[in-house]
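Undergrad: predicted coordinates and the sequence they were generated for:
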Amino acid sequence: MAPPRTSAGSSSAGPPARWVGGVAILLTLVGWSSIPLFLRHFADSIDFWTSNGWRYGFSALFWFPVLVWGLARRDLPVGLWRAALWPSVINCGAQVCFCWAHYKIDPGLLTFGLRSNIVFVTIGAALFFAAERAVIRSPGYLVGVSMVVVGTVGTMLLGEGLPRGATLFGVILAIASGAGFAAYALAVRHWMHGINAIQSFAAISLYTAVGMVGLMVAFGDRAGLTALDLIGRPVGAGESRLGIDQFSLLLISALIGIAFGHVAYYFSIARLGLAVSAGVVQLQPFFVSIGSLMLFGERLTVPQWLSGGVAVAGAGLVLAMQHVRTNAAFDELPPDHVAAAATAETQTPEDARPGD
């Protein structure tokens, strides 16, 4: 009997493995939802250059052993460092806009605005990847993209004026970061195709860390040393103190978002498939908005919640159409080509990356 076919975005793993994958994707969702809240928390203490520099610099230490191990075993892909260069440059720009936006706009509105990256991915894929044009022209895909556009615009414009602390520049930064992450996704697909996801992300993280630390030294307050002022400053007050200081919390935020979050995401993809994993993380704006309401008093209006829901539903429809198209393409492959193609599909799971 032939082994069961494993299609792109799906998994042939049994119930125990899928249960573990479900836990992994929920941890990813919670971890990535916490990052905008962490960034907003530290916006009152350190500048965004410093926040980016310390967080990415520390997370690079987590991923560095992957590269050392690959060098020791001599199994790093040929051309890895050259291939990772341009995605890293683009990622640096996207991360600067993403982190800076938290100093100009509240987290909930920002993460709903990030759904706009689906629109930019669509434009880029239509321009640079001929194979994507068929699914992009499909009615379901176009409806999904239209929902993202309408929902994102509604979320930004249907509030009672700009929310507390928000500026027009903050809205621009939110959309710019969405465009940046879309460009990053396209760059990963173009330059990192066929390279193991863990190794490619480790190389990109190292390059990005070098860029973020360099920018921190050049533009951060006291070259980034203001972060050291957080040492000994407790998290919480009175009986609500957590027993750690603010500097430790800054480093923990790096591990949660950039290190552990991506490990859990890749783990879930291996067990649930890309389509399910990417679909679940689309719920991030709702988690962030609820957390922002509880921690910072950010209040979205009912029309904004509804508009955000439309944007997220549209993103989900886009992902679903991609999944259907990919499965249809797999059905046309000879049986001996399916496993290799399915493996390639999960090697660069960049489509749902929401920012770190």
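TA: Thanks, I have the structure now.

Undergrad: correct me if wrong: residue 212 contacts residue 51.
TA: No - at 9.3 Å, residue 212 and residue 51 do not qualify as touching, with contact defined as C-beta atoms under 8 Å. All C-beta atoms are positioned from the backbone trio N, CA, C, and that covers glycine.

Undergrad: tell me who's in contact with residue 74.
TA: Neighbouring residues of residue 74 by C-beta atoms under 8 Å, 6 or more residues apart in numbering: there are none.

Undergrad: for it, report the pLDDT, please.
TA: With respect to pLDDT, residue 74 has a value of 88.

Undergrad: for it, phi and psi?
TA: Here is the backbone geometry of residue 74 (degrees, to the nearest 10): phi 60, psi 40.

Undergrad: ok, it to residue 150 distance?
TA: 52 Å (C-beta to C-beta, to the nearest Å).

Undergrad: low-confidence ranges, the stretch 51-200 of the chain, go.
TA: 159-166 (pLDDT under 70).

Undergrad: now the helices for it?
TA: 80-101, 107-113, 117-128, 133-136, 139-157, 168-191, 197-219 (DSSP state H, counting those that start in this stretch).

Undergrad: so can I have CSV of those helices showing mean neighbour count and distance to residue 57?
TA: CSV is the format used below for these (neighbours: other C-beta atoms under 10 Å; distance: least, C-beta to C-beta, whole Å):
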stretch, mean neighbour count, distance to residue 57
helix 80-101, 22, 12
helix 107-113, 28, 23
helix 117-128, 19, 25
helix 133-136, 16, 38
helix 139-157, 19, 32
helix 168-191, 22, 19
helix 197-219, 21, 5
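
Undergrad: can I get those in JSON lines with distance to residue 320?
TA: Below are the helices of the stretch 51-200 of the chain laid out as JSON lines (distance: least, C-beta to C-beta, whole Å):
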{"stretch": "helix 80-101", "distance to residue 320": "25"}
{"stretch": "helix 107-113", "distance to residue 320": "20"}
{"stretch": "helix 117-128", "distance to residue 320": "12"}
{"stretch": "helix 133-136", "distance to residue 320": "11"}
{"stretch": "helix 139-157", "distance to residue 320": "7"}
{"stretch": "helix 168-191", "distance to residue 320": "18"}
{"stretch": "helix 197-219", "distance to residue 320": "22"}
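
Undergrad: among those, which comes closest to residue 37?
TA: helix 107-113 (5.8 Å; C-beta to C-beta).

Undergrad: go ahead and confirm residue 295 touches residue 36.
TA: No - counting by C-beta under 8 Å, residue 295 does not reach residue 36; the two are 10.5 Å apart.

Undergrad: looking only at neighbour counts, state which of the two leads.
TA: For residue 295 versus residue 36, neighbours defined as other C-beta atoms under 10 Å are more numerous around residue 36 (29 against 12).

Undergrad: ok, the more buried one - contacts?
TA: Residue 36 makes contact with 102, 107, 110, 111, 288, 292, 355 under the criterion C-beta under 8 Å, 6+ apart.

Undergrad: find the nearest non-adjacent residue to it, please.
TA: Once flanking residues are discounted, residue 36 sits nearest to residue 107: 3.7 Å by C-beta to C-beta, 6 or more residues apart in numbering.

Undergrad: test my guess that the one you found contacts residue 294.
TA: No - Residue 107 is not in contact with residue 294 according to C-beta under 8 Å; the separation is 11.3 Å.

Undergrad: so where's the stretch 201-350 of the chain uncertain?
TA: Using pLDDT under 70, the stretch 201-350 of the chain drops low at 236-242, 274, 326-350.

Undergrad: make it 80
TA: 236-243, 259, 269-270, 273-279, 322-350 (pLDDT under 80).

Undergrad: tell me where it has helices.
TA: Under DSSP H, counting those that start in this stretch, the stretch 201-350 of the chain gives helices at 246-254, 261-272, 274-281, 284-296, 302-331, 335-345.

Undergrad: let me know the angle separating the longest one from helix 274-281.
TA: Put simply, helix 302-331 runs at 170 degrees to helix 274-281, going by axes from the mean of the first three to the mean of the last three C-alpha atoms, to 10 degrees.

Undergrad: swap in the fourth one?
TA: Between helix 284-296 and helix 274-281, the angle comes out at 30 degrees (the same axes, to 10 degrees).

Undergrad: what's in contact with helix 284-296?
TA: With C-beta under 8 Å, 6+ apart as the criterion, helix 284-296 contacts 29-30, 32-34, 36-37, 40-41, 106-108, 110-112, 114-115, 298-300, 305, 308, 311-312, 354.

Undergrad: buried residues in it?
TA: 284, 285, 286, 287, 288, 289, 291, 292, 296 (16 or more other C-beta atoms under 10 Å).

Undergrad: so what's the gap between it and the chain middle?
TA: 17 Å (C-alpha atoms, centre = their mean, to the nearest Å).
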